[in-house]
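Colleague: Make a model of this:
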Amino acid sequence: MEDLREDRPVDLVTALARARSPERPGPGTPAGTAVRTWPGPPLPIPEAGPADLDLRTLLRLSLAASDDSGRLRPAPSAGALHPVDAELVVGAGCSLPPGRYGYDPLRHHVHRIGRSPDGTPPGVTAGLSVTARRTVSHYGHRAWPLLLLDTGHAAAALVLAARALGAAEPRVRLDGLTDTPLAAVHVPPPGGRSPLHPAGSARVPGLTEGPPTSAELLARRSAPPPLPGAPSPDALRAVLTTAVRAGAGDLRWCAALGPPRPGLVELAADGTTLRPYATGEARPTLAHWAAGQAWVADAGAVLLAHGCPADADAPHIRRAHLRAGFAVHLAQVTARRHGLAARPVGSWQQADLGAALGAARGRDWIVHALALGTRHADEENTT
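Modeller: Predicted structure coming up:
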């Protein structure tokens with residue numbers, strides 16, 4: 001049997017099929033170091049000059065740990081294991097000299113690992129890869145979808161941080177065509193323009209209600225369950241709109257609601273109203289599919305990204321999961337702006353939504369989700 005602890009390419013089609021099966025993970029394994037060991041001495045990130053891209057703040061708002069264990073970071077991660085590693089290719093106009101750097105999110109330092117390639121554009125390109133054994137240590141064969149979702153969340157965190165700094169049009173590559181890096185984000189310096197770099201990158205929609213503030217990004221956290229209380233139609237519409245805009249392509253989006261009108265809703269074609277997608281209470285089934293997390297059955301609503309058929313090839317699988325993580329991250333920020341508690345839900349087994357609704361089997365699987373409520377768990381426990 002393939003040892004998933006090894007950080008090397010895997011047969012992603014087989015890995016996803018196994019992750020979607022009812023097979024339970026085995027005993028835990030060592031997670032290894034909390035961050036990748038980069039060569040060379042650690043270097044502080046200098047303060048930015050008036051015309052430079054502030055890499056110190058960009059990384060603090062997106063990837064840096066705020067506790068010694070490394071578990072508490074701006075981007076959510078399954079099991080708080082944070083497998084995503086960032087290699088920075090720095091061009092002109094940044095607070096670091098041009099070169100290639102590995103980023104240490106625990107110490108908020110960098111390690112210089114080489115020269116920038118010829119033709120490196122101004123600004124910084126963060127290439128995102130994963131150390132798989134961190135997530136495999138807890139989730140076993142269910143790890144690879146989670147690794148891809150975590151990478152999408154990290155890419156979104158970088159884009160939001162760039163927008164909080166006022167950077168011009170960061171571009172992101174989530175095309176799924178490579179496994180190293182899995183994704184890349186290019187942020188130009190102030191007043192600059194981001195070229196189509198790296199190949200296949202594109203401008204992506206942001207939040208529907210304007211760029212975030214630094215305080216907003218530092219305050220975001222996944223709310224602990226339970227998440228009771230149904231969101232208002234306006235809040236739910238805003239969350240769905242953000243997800244649809246950011247995760248367009250291979251995915252479809254809907255939300256599961258409870259009483260008084262239990263069922264699934266989606267955005268109508270006009271993009272401004274909600275319409276029924278299916279009727280009936282879906283949340284208990286979602287709780288069973290979500291690795292048996294019973295609290296999901298009582299969430300006020302559950303945003304669902306679905307698609308990625310069973311016969312999808314590796315690029316399709318990577319692309320769908322990267323986009324799902326990216327979109328759910330933006331949707332979580334939108335949810336917080338509307339006063340909602342929100343928590344991503346990434347592990348899904350036998351979650352064939354299409355078949356459950358009477359369509360062909362294996363064509364429409366749940367890829368990612370965001371549980372929503374109007375009250376946080378600590379508020380619920382005091383009422």
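Colleague: what's the offset of the helix or strand encompassing Arg133 from the middle of its chain?
Modeller: According to DSSP states H and E, Arg133 maps onto helix 132-139. Centroid separation between helix 132-139 and its chain, computed with Cα atoms, centre = their mean, to the nearest Å, is 17 Å.
Colleague: Which elements pack onto it?
Modeller: Judged by 3 or more Cβ pairs under 8 Å, 6 or more residues apart in numbering; DSSP states H and E, helix 132-139 is in contact with helix 143-164. Where you see a C-beta, it was placed from the backbone N, CA and C, and this is true even at glycine.
Colleague: Skip ahead from the helix it packs on and say which helix or strand is next.
Modeller: Toward the C-terminus, helix 143-164 is succeeded by strand 171-173 as the next helix or strand (DSSP H and E).
Colleague: how far off helix 143-164 does the very next helix or strand once past that following strand point, in degrees?
Modeller: Downstream of strand 171-173, the first helix or strand assigned by DSSP H and E is strand 183-187. Angle of strand 183-187 versus helix 143-164, following axes from the mean of the first three to the mean of the last three Cα atoms, to 10 degrees, is 10 degrees.
Colleague: in its sheet, what does strand 183-187 sit against?
Modeller: Under the criterion DSSP bridges, strand 183-187 sits next to strand 124-130 (antiparallel), strand 171-173 (antiparallel) in its sheet.
Colleague: domains in this protein, as residue ranges please.
Modeller: Listed by automatic domain parsing, the domain ranges of the chain are 12-219, 233-381.
Colleague: Of the ones you listed, which is nearest Pro226?
Modeller: Pro226 lies closest to domain 233-381 among the domains of the chain, at 4.8 Å (Cβ to Cβ).
Colleague: just checking, what's the longest strand in the protein?
Modeller: Longest strand in the chain, counting residues (DSSP state E): strand 365-373.
Colleague: Tell me where this structure has strands.
Modeller: In the chain, the strands defined using DSSP E lie at 43-44, 84-90, 99-104, 109-114, 124-130, 171-173, 183-187, 202-203, 251-257, 263-267, 274-279, 301-307, 341-345, 365-373.
Colleague: which helices and strands sit right next to the fourth one?
Modeller: Pointing back at strand 109-114 there. strand 43-44, strand 99-104.
Colleague: Output the longest one in CSV, but only the C-alpha positions, please.
Modeller: As requested, the backbone C-alpha atoms of strand 99-104 are provided in CSV (Å, rounded to 0.1, in the frame of the first residue of the first chain):
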residue,chain,number,x,y,z
GLY,A,99,15.7,36.5,-5.0
ARG,A,100,14.0,33.2,-4.0
TYR,A,101,13.0,32.8,-0.4
GLY,A,102,11.4,30.1,1.8
TYR,A,103,9.0,31.5,4.3
ASP,A,104,8.9,30.4,7.9
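Colleague: Nearest to the spatial middle of this protein, which residue is it?
Modeller: Nearest to the geometric centre of the chain sits His153, at 1.9 Å (Cα atoms, centre = their mean).
Colleague: That one and Val84: what is the separation?
Modeller: For His153, the distance to Val84 (Cβ to Cβ, to the nearest Å) stands at 8 Å.
Colleague: Then Gly358?
Modeller: Relative to Val84, and taking Cβ to Cβ, Gly358 is found at 38 Å.
Colleague: quick revisit: confidence score at the residue nearest to the centre of the chain?
Modeller: Looking at His153, its pLDDT reads 98.
Colleague: is it true that it touches Arg323?
Modeller: No - if you go by Cβ atoms under 8 Å, His153 and Arg323 don't touch, sitting 11.3 Å apart.
Colleague: Isn't Val302 up against Ala255?
Modeller: Yes - in this structure, Val302 is within contact of Ala255 by Cβ under 8 Å, at 6.5 Å.
Colleague: what's the overlap in contacts for those two?
Modeller: Listed as contacting both Val302 and Ala255 by Cβ atoms under 8 Å, 6 or more residues apart in numbering are Leu372.
Colleague: And the domains of the chain: which comes nearest Pro225?
Modeller: Pro225 lies closest to domain 233-381 among the domains of the chain, at 3.8 Å (Cβ to Cβ).
Colleague: Could you count how many residues lie near the closest residue to His338 other than its chain neighbours?
Modeller: Once flanking residues are discounted, His338 sits nearest to Ala235: 3.8 Å by Cβ to Cβ, 6 or more residues apart in numbering. When neighbours are counted by other Cβ atoms under 10 Å, Ala235 registers 20.
Colleague: ditto for Gln350
Modeller: 14.
Colleague: For it, give me phi and psi.
Modeller: When quoted as degrees, to the nearest 10, the phi and psi of Gln350 stand at phi 60, psi 30.
Colleague: Go ahead and confirm it touches Arg20.
Modeller: Yes - shown here, Gln350 and Arg20 form a contact pair, counting by Cβ under 8 Å, at 6.6 Å.
Colleague: any idea which helix is longest in this structure?
Modeller: helix 314-337 (DSSP state H).
Colleague: buried set for that one?
Modeller: Neighbour counts over helix 314-337 (16 or more other Cβ atoms under 10 Å) mark 314, 316-337 as buried.
Colleague: same deal with stretch 334-350?
Modeller: Result for stretch 334-350 [16+ other Cβ under 10 Å]: buried residues 334-338, 340-349.
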